[in-house]
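this one's structure only:
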């Protein structure tokens, strides 16, 4: 065998020995094992409820540079879906 493959195999065996040692230690210390599983589960639950990815009534301003007021039409449709909100509704609607 070449020296490169020998060093790779020795590195893998050292890594497996350390992993085995850590598993034995976790089996002895039940509190650490419970925290390793419990804390991430609690974070997932809390962040899942705190961070909502369903936006509703986001404050929005629409500025269009078109001659037609079609931007107001799109805003009105989004407002009907309760995705966007505005202090004042658009004054004109799209005629085409």
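Sure thing, it's come through. Note that the structure is predicted; figures quoted are calculated from it, not measured. Numbering: from 1, shown residues only.

C-alpha from now on. contacts and neighbour counts both.
Noted.

and the lengthiest helix in the chain, what other elements does it pack with?
Secondary structure of the chain read by DSSP state H shows that its longest helix is helix 3-28. Applying 3 or more CA pairs under 8 Å, 6 or more residues apart in numbering; DSSP states H and E, one finds that helix 3-28 contacts helix 30-50.

Show me what the helix it packs on is packed against.
With contacts taken as 3+ CA pairs under 8 Å, 6+ apart, helix 30-50 sits against helix 3-28.

part of a strand, is residue 65?
No - applying DSSP: H, G, I helix; E, B strand; the rest coil, one finds residue 65 to be coil, outside a strand.

if I look at it, how far off is residue 78?
In this view, residue 65 and residue 78 are 19 Å apart by CA to CA, to the nearest Å.

Pick out whichever of these two has more residues nearby.
Using other CA atoms under 10 Å as the criterion, residue 65 and residue 78 rank with residue 78 on top: 14 against 7.

Okay, the more buried one and residue 52: tell me how far apart.
Applying CA to CA to residue 78 and residue 52 gives a distance of 19 Å.

Would you map out the domains in this protein?
Following automatic domain parsing, one finds the domains of the chain at 3-50, 54-96.

comparing those domains, which gets the lowest mean pLDDT score?
Note on the domains of the chain: domain 54-96 shows the lowest mean pLDDT, a mean of 65.

What separation is there between residue 39 and residue 50?
From residue 39 to residue 50 the distance is 16 Å (CA to CA).

for residue 24, same thing?
Look at residue 24 and residue 50: by CA to CA, they are 36 Å apart.

Residue 25 too?
Taking CA to CA, one finds residue 25 at 35 Å from residue 50.

And those two? Which one has more around it.
Between residue 25 and residue 50, counting by other CA under 10 Å, residue 25 is the more crowded of the two (13 against 9).

Any idea how far apart the tips of stretch 48-55 sit?
End-to-end distance of stretch 48-55 (CA to CA): 14 Å.

heads up, I number from 458, so please use that
Happy to do that; since the first residue is 458 now, the last one works out to stretch 505-512.
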